[in-house]
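Q: One predicted model, sequence on top.
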Number of protein chains: 2
Amino acid sequence: MSHPVTFINVVDVDPARHQELVDLLVEGTEQVMSRRPGFISATLLASLDKTRVVTLARWESSDDVKATQADPEAAAYATRTAAIAQPRPGLFAVVGEVTA
Amino acid sequence: MSHPVTFINVVDVDPARHQELVDLLVEGTEQVMSRRPGFISATLLASLDKTRVVTLARWESSDDVKATQADPEAAAYATRTAAIAQPRPGLFAVVGEVTA
């Protein structure tokens, strides 16, 4: 049985390389992640103080995420990210939705 | 001039206190955050390995977030969170949206 999951990557970065990191993460999401089986959608957020970038990607199942992480093209983007910043990826489940 | 912003709090926690943290963050979001001026919506996500909880809250402006952080009721929840976990809050802007 599979459940939708959210992949979240919290990436710390030197503010001097913030824009470079944003460009790389947007490119990797558009060029590789979005074309993989099980991908639903992604949102990228940049901190106003330029020290962090967060990628949230919704997937059909955790197996789809694991298969993507094992994909050589996706792994190449992960390596490029780790060369200029400190990524911390993980799998999450939504535990609350609150509206005004 | 004001722009919508996303408040993201990445909270590290001992897996033994993971559920307690989830309950506290959901309660604080429902009871305090969602009733504040400028609040739009929030999503809470728990990592499958139980080491992190992420709150994403969309607000009308960064001034609304600052006013909320200065509110005594909100500050009390922040203090309770910091007593059982390691929060790292910040203000973010959306820099990319990608769909399959």
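A: Yes, it's here. Numbering: from 1, shown residues only, chains lettered A, B, ... in the order given.
Q: give me the number of residues near A:G38?
A: 18 (other C-beta atoms under 10 Å in any protein chain shown). No exception for glycine: its C-beta is placed from N, CA and C like everyone else's.
Q: and what of the one 5 residues further on?
A: By other C-beta under 10 Å, 19 other residues sit near A:T43.
Q: Without its sequence neighbours, what residue ends up closest to it?
A: The shortest distance from A:T43 to any non-neighbouring residue, by C-beta to C-beta, 6 or more residues apart in numbering or on different chains, is to A:L56 (4.9 Å).
Q: again, but for A:V26
A: Nearest non-adjacent residue to A:V26, counting by C-beta to C-beta, 6+ apart: B:G96, 4.5 Å away.
Q: what's the one you found in contact with, if anything?
A: Counting by C-beta atoms under 8 Å, 6 or more residues apart in numbering or on different chains, B:G96 touches A:22, A:25-26, A:29-30, A:42-44.
Q: Compare those and tell me which is most surrounded.
A: That'd be A:L25 among the contacts of B:G96, by other C-beta under 10 Å, with 27 neighbours.
Q: in terms of contact, does A:V65 touch A:T6 like I think?
A: No: A:V65 is beyond contact range of A:T6, at 9.4 Å (criterion: C-beta atoms under 8 Å).
Q: give me phi/psi at A:V54?
A: With angles defined as degrees, to the nearest 10, A:V54 sits at phi -120, psi 130.
Q: beta partners for it?
A: Under DSSP bridges, the beta-bridge partners of A:V54 are A:V10, A:L45.
Q: pretty sure A:D49 belongs to a helix, no?
A: No: counting by DSSP: H, G, I helix; E, B strand; the rest coil, A:D49 is located in no helix; its state is coil.
Q: Give me the sheet partners of the longest strand belonging to chain A and which way each runs.
A: Longest strand of chain A, by residue count under DSSP state E: strand A:86-99. Applying DSSP bridges, strand A:86-99 is found paired with strand A:5-12 (antiparallel), strand B:39-47 (antiparallel).
Q: Export these to TSV and append columns for distance to A:P89 and mean pLDDT.
A: Shown next, in TSV, are these (distance: least, C-beta to C-beta, whole Å; pLDDT from 0 to 100):
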stretch	distance to A:P89	mean pLDDT
strand A:5-12	4	98
strand B:39-47	10	98
